[in-house]
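Undergrad: next one to model:
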Amino acid sequence: MPVVGAVHAIDMCIVYHFARWQSKRPRAALPSRHVADVAKPRLSELEGWNGGRLEGWCSGSDATFYAVRSMRAVMTVLEPQALRDLFVLGLWIAASYACGYVRLRYKFFRRERINCVQYCMRPWLCMYYVTLRCTARCAMCDVWRGADAPGYREQTLAEVQENLRALPRLGVRLLDFTGGEPLLFAHILDALRCARQMGMRTTLTTNCTHYPDLAEQLCGLVQHLQFSCEAADAATHDAVRGPGSHARVLESMACARRLGQRFNLVATITDVTLAQLDTLLAFAAAHRTVLALNPCFASAHQAGLSAAGARVLMRAARHPWAVADHAALALIADGGNQCVRPVCRAGRATMTITPDNQVAAPCLHHEQQRVPIAGDLAHAWRATQAVAARAGTYEVCRGCTLYCYMRASLYRRYPLRTLRSLTKYCMTRLRRGSA
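TA: Got it, this is the predicted structure:
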């Protein structure tokens, strides 16, 4: 589809510029409905056009045909004899594509009744907290404590489906179902099916306590499935996640492989667990499974990964079966987010939906505002943008390294490290046995 869209835009702009050239009239005075009629004589003169209809230039394969014809006509006009002429031609086509993109966006703004600022602040990632309940009581996570708060409730299926239908229109492309333990949510299967129908990519991380029971129903509904694994031996893992959880991880891996479901392991690394990192890497290699190394963030009950630990994790990420976001580790080594020049853009690039059907800004952990959705997700999102625009500048944001929210912002400060991590992840996922 992007290729077809590019061809449409290039074709539209080439015909438009030919029309201006032929008519010698100002751009604003040239109605778009006359473009084809005005451009056709010029194209006939240059290419020996045989009276083909230009009215279908904006649809299907006709657009591709006329785009190629139009670009051949442009090359006839320029008569490129050297590399310099070809370079000029490339610049001209790129400028035409840019003009077409702006024109298409202008139509989008008019149709959707939004302005350019609102469009640029559209989120591409949604952290959807379907529940705060969890079967584990991990010290490095404080989300599960919110399930004991008075008045706690979770969304109904109708509310979830209404939000999921609105997310693509707001620009969301990646949907992270999280919690808590997301598989405890009563409507998780219906939510995943609805997200699949809306064309969004889904991510789900589970501690595996319920995955073996739902494995067959979840098969094919999740594009990025992650199993939490804190250690290679059962005693250490169960001390963090709860008794019997390591055995459920092994059972979940076996179920996913049997069903052909792609997955990877994810470990939350603290300064304490760094000592067991080698055995964990050997465990991943023995099972031929990708291991994502996520640095632990600081909370009220757990210290985050130190700068020295981040540098150790950078070296560990060289392992063939290990992946880590080098941009996130570089942020930790640099002292985390700074309020003067904040890295965080969570409030604008990431939407956070809470279990009680509200939009939290700028994130769930450092929220400054909550707006009830009440059937209008777009309005709730726009109502939080004043607070979201200041994401990273609040005093509570000083030194923050929350990776789940930073991952949508790190590429601005660390573009090369982000590209390196993404390349390593893609190549590692291609290894045999990562499914």
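
Undergrad: just checking, residue 306 touches residue 272?
TA: No: in this structure residue 306 lies outside contact range of residue 272 using C-beta atoms under 8 Å: 10.9 Å. (Glycine included, C-beta is placed from N, CA and C.)

Undergrad: quick one: average pLDDT of stretch 365-375?
TA: Averaged over stretch 365-375, pLDDT sits at 90.

Undergrad: do the same with stretch 254-271
TA: 92.

Undergrad: what's the end-to-end length of it?
TA: Distance between the boundary residues of stretch 254-271 (C-alpha to C-alpha, to the nearest Å) amounts to 30 Å.

Undergrad: off-centre distance for that stretch?
TA: 20 Å (C-alpha atoms, centre = their mean, to the nearest Å).

Undergrad: same question for stretch 387-405.
TA: Centre-to-centre, stretch 387-405 and its host chain are 19 Å apart (C-alpha atoms, centre = their mean).

Undergrad: so residue 188 touches residue 180, yeah?
TA: No: the criterion here is C-beta under 8 Å, and residue 188 misses it with residue 180 at 11.0 Å.

Undergrad: overlap in contacts of those two?
TA: residue 130 (C-beta atoms under 8 Å, 6 or more residues apart in numbering).

Undergrad: excluding sequence neighbours, find me the nearest residue to residue 322.
TA: Among residues not flanking residue 322 along the chain, residue 291 sits closest, at 5.1 Å (C-beta to C-beta, 6 or more residues apart in numbering).

Undergrad: quick check: beta-bridge partners of the one you found?
TA: residue 265, residue 322 (DSSP bridges).

Undergrad: which residues touch it?
TA: 229, 264-267, 280-281, 284, 319, 321-323.

Undergrad: same check, this time on residue 371
TA: Contacts of residue 371 (C-beta under 8 Å, 6+ apart): 358-359, 361, 380, 383-384.

Undergrad: mind doing that once more with 7 Å?
TA: Contacts for residue 371 (C-beta atoms under 7 Å, 6 or more residues apart in numbering) come out as 358-359, 380, 383-384.

Undergrad: try residue 155
TA: 355, 357.

Undergrad: show me the contacts for the residue lying closest to residue 219 once chain neighbours are set aside.
TA: Sequence neighbours aside, residue 259 is the residue nearest to residue 219 in space, at 4.6 Å (criterion: C-beta to C-beta, 6+ apart). Counting by C-beta under 7 Å, 6+ apart, residue 259 makes contact with 215-216, 219.

Undergrad: so what are the domain limits for this structure?
TA: As assigned by automatic domain parsing, the chain contains the domains 2-113, 125-429.

Undergrad: need the winner for burial among those domains.
TA: domain 125-429 (a mean of 18; mean count of other C-beta atoms under 10 Å).

Undergrad: returning to that earlier point: identify, from the contacts of residue 291, the entry nearest to residue 373.
TA: Nearest to residue 373 out of the contacts of residue 291 is residue 266 (C-beta to C-beta; 29.2 Å).

Undergrad: look up how far residue 391 lies from the closest one.
TA: Distance check for residue 266 against residue 391: by C-beta to C-beta, to the nearest Å, it reads 25 Å.

Undergrad: would you map the strands across this protein?
TA: Assigned by DSSP state E, the strands in the chain fall at 125-129, 174-178, 201-206, 224-228, 264-269, 291-295, 322-323, 350-353, 358-361, 369-372.

Undergrad: which other residues reach the fifth one?
TA: Strand 264-269 has contacts (C-beta under 7 Å, 6+ apart) with 140, 205, 226-230, 277, 280, 284, 289-296, 305, 313, 434.

Undergrad: who are the neighbours in contact with the closest residue to residue 130 other than its chain neighbours?
TA: Using C-beta to C-beta, 6+ apart and skipping residues adjacent in sequence, the residue nearest residue 130 is residue 185, 4.1 Å away. Residues in contact with residue 185 (C-beta under 7 Å, 6+ apart) are 130-131, 154.
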